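Peer 1: sequence first, then the predicted structure, then my questions.
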Amino acid sequence: MTSGILAASFLTTHIALQAAFILRALLRPHREPSARMAWVLVILAVPAIGMLAYFLFGETNIGRKRAARYREASRLISEPKAGSSEAGDFDLVSPRHRHLFRVGQSISGFGPVGGNAAELMPDSDAAIDALVADIDAASDHVHLLFYIWLEDRNGLKIVDAAKRASGRGVTVRAMADDIGSRKMIRSRHWGDMEAAGVNVARALPISNPFLHPIRGRVDLRNHRKMVIIDNGVTYCGSQNCADPDFRIKAKFAPWVDLMVRFEGPAARQNQWLFVQDWMAHVDEDLRDLLEAPPVAGKETGIVAQVIGTGPTVRSSAMPEMFEVLMHGARDELVVTTPYYVPTEPMQSALCAAAHRGVRTNLVLPARNDSWVVAAASRSYYSELLEAGVRIFEYPHGLLHTKSLTLDGEIALIGSANLDRRSFDLNYENNILLQNRDFAVRLRARQRDYIEASSEILASDVASWGIGRRLWNNSIAMLGPVL
């Protein structure tokens, strides 16, 4: 009798908990219907695991204290005022493309600024060498922010350069994500930098994962890769602070990245993002850096706009940017990304571009370091190919470059992938550019990727067995959960 009462009580409690989690998943704002459906399915199919997974990973929650610090940092530095250099000048942008930069401005508050020089680095090693040279030439400050910073050859080159700069009186601030750079942060090199006078900080520090639903989801990360030197030079792109052979995932190496060195007013816009990140973690007021006169741009140069997204920015920000670019294409659209798990509107936007006659190319790695993403990505191939999108898989390492070129005039580069993690969970930084010469140079790099790749044809996808298709589609269905 007693065991029967206990069993009934347990069942009632279980059903009540399950119903509560389902209601929470259904009522949570800023969530796509497909994500709600995926969570409800998981909670119903595997209740104990599903409820635990939802508790740990079900909501984009950075934690009250962290959110408050980000809001306070944003309040202190505020948005660029009208007429300031960061507010930009939309007359610099061709009328046909102004709406693209308006979307960017609605995200970070920055407008397009002209007079920038941009150098597309030849490869990852060259990018590190150029960065070391700029750090060695710094006269006032160096700001470093990386998602992954490894204690390998390139990673230690930057450590040594930071220590040298600090030793000659330059203020150096170095921030790295607490999960992505955990080995570096817990190594002696991190302590050596601090002992040498480098100001170091962990982005989104982690503790007990079971406390993080209260303190903030453990997998909300700072995925940015950027450097700002003396308010006038900045680096932006897909490259982490590491060797191309990427020791922690060597079997997928080399990592094929893209990094761009900018000189001019765009550096100050990246500075705003760094200052916000720094002040959200460190009790140091850096507003003076944003009040200093920006570095003067060239009379002729690239028009650029920094776009920063993350869990404390509206959830639709990064998807909106990609979607408006896809819808804006009239002649050619080329996208490279290592991770393709799009929102439904983004998949539709890419297909729509091809349907209206735009030459649309999507370049992905042939071997992905995430089996989940690899399966989910390929579930979209059939619809893309039917629409006329050409798909290429790059076989010579992990193509990690995140880039988009539009009609040979507009380009987007940065840290954001075309996947749910970049859209919902990560802090990202991208730069939108208008300049035909730069777009042509970037398009040439994309062409190199395509020429080295194998094209995926409709016949290839049709030859996949039912088991493979079922696996890909099942993983994609759970994409919002995974």
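Peer 2: Arrived safely, thanks for sending.

Peer 1: only C-alpha atoms for contact and neighbour calcs from this point on.
Peer 2: Noted.

Peer 1: how does the chain divide into domains?
Peer 2: 2-55, 64-302, 317-477 (automatic domain parsing).

Peer 1: relative to residue 309, which of those is closest?
Peer 2: Nearest to residue 309 among the domains of the chain is domain 317-477 (5.2 Å), distances taken as Cα to Cα.

Peer 1: how long is the closest one end to end?
Peer 2: Its first and final residues considered, domain 317-477 spans 23 Å by Cα to Cα, to the nearest Å.

Peer 1: quick one: mean pLDDT over that domain.
Peer 2: The average pLDDT for domain 317-477 rounds to 96.

Peer 1: tabulate the domains of the chain (TSV), appending distance to residue 309 and mean neighbour count.
Peer 2: Output for the domains of the chain, formatted as TSV (distance: least, Cα to Cα, whole Å; neighbours: other Cα atoms under 10 Å):
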stretch	distance to residue 309	mean neighbour count
domain 2-55	15	15
domain 64-302	7	19
domain 317-477	5	20
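
Peer 1: mind putting the ones you listed in JSON lines, distance to residue 310 included?
Peer 2: Converted to JSON lines, the domains of the chain look like this (distance: least, Cα to Cα, whole Å):
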{"stretch": "domain 2-55", "distance to residue 310": "14"}
{"stretch": "domain 64-302", "distance to residue 310": "8"}
{"stretch": "domain 317-477", "distance to residue 310": "4"}
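
Peer 1: tell me which of those domains sits nearest to residue 311.
Peer 2: That would be domain 317-477 among those, by Cα to Cα, at 5.8 Å.

Peer 1: follow-up on the earlier one: out of the domains of the chain, nearest to residue 308?
Peer 2: Ranking the domains of the chain by proximity to residue 308 (Cα to Cα) places domain 317-477 first, at 4.5 Å.

Peer 1: where's the closest one relative to the chain centroid, distance-wise?
Peer 2: 14 Å (Cα atoms, centre = their mean, to the nearest Å).

Peer 1: and stretch 181-197, by the same measure?
Peer 2: Centroid separation between stretch 181-197 and its chain, computed with Cα atoms, centre = their mean, is 24 Å.

Peer 1: and stretch 98-110, by the same measure?
Peer 2: On Cα atoms, centre = their mean, the centre of stretch 98-110 falls 17 Å from the chain's centre.

Peer 1: hmm, who's touching it?
Peer 2: Here stretch 98-110 makes contact (Cα atoms under 8 Å, 6 or more residues apart in numbering) with 79-80, 86-88, 90, 111-112, 269, 305-309, 313-314, 317, 320-321, 324-325, 328, 432.

Peer 1: put the alpha carbons of it into PDB.
Peer 2: The C-alpha coordinates for stretch 98-110 follow below in PDB (Å, rounded to 0.1, in the frame of the first residue of the first chain):
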ATOM      1  CA  ARG A  98      22.200  51.900 -47.500                       C
ATOM      2  CA  HIS A  99      19.500  49.700 -46.100                       C
ATOM      3  CA  LEU A 100      22.200  47.000 -45.400                       C
ATOM      4  CA  PHE A 101      24.100  49.500 -43.200                       C
ATOM      5  CA  ARG A 102      20.900  50.700 -41.600                       C
ATOM      6  CA  VAL A 103      20.400  47.100 -40.300                       C
ATOM      7  CA  GLY A 104      23.900  47.100 -39.000                       C
ATOM      8  CA  GLN A 105      23.400  50.500 -37.200                       C
ATOM      9  CA  SER A 106      20.200  49.200 -35.600                       C
ATOM     10  CA  ILE A 107      22.300  46.400 -33.900                       C
ATOM     11  CA  SER A 108      25.300  48.200 -32.500                       C
ATOM     12  CA  GLY A 109      24.600  51.900 -33.000                       C
ATOM     13  CA  PHE A 110      27.500  52.400 -35.400                       C
END
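
Peer 1: pretty sure residue 429 sits in a strand.
Peer 2: Yes. Using DSSP: H, G, I helix; E, B strand; the rest coil, the assignment for residue 429 is a strand.

Peer 1: just give the nearest non-adjacent residue to it, would you?
Peer 2: residue 308 (4.5 Å; Cα to Cα, 6 or more residues apart in numbering).

Peer 1: was I right to think the one you found contacts residue 273?
Peer 2: Yes. Using Cα atoms under 8 Å, residue 308 is in contact with residue 273, at 6.8 Å.

Peer 1: which ones are touching residue 254?
Peer 2: Residue 254 sits next to 244, 245, 246, 396, 397, 398 when contact means Cα under 8 Å, 6+ apart.

Peer 1: tell me which element the second one is part of?
Peer 2: Assigning secondary structure by DSSP states H and E places residue 245 outside every helix and strand.

Peer 1: dump the residue contacts of it.
Peer 2: Here residue 245 is in contact with 253, 254, 255 (Cα under 8 Å, 6+ apart).

Peer 1: 10 Å - rerun?
Peer 2: The contact partners of residue 245, taken as Cα atoms under 10 Å, 6 or more residues apart in numbering, are 152, 251, 252, 253, 254, 255, 256, 397, 398.

Peer 1: noted, bye for now.
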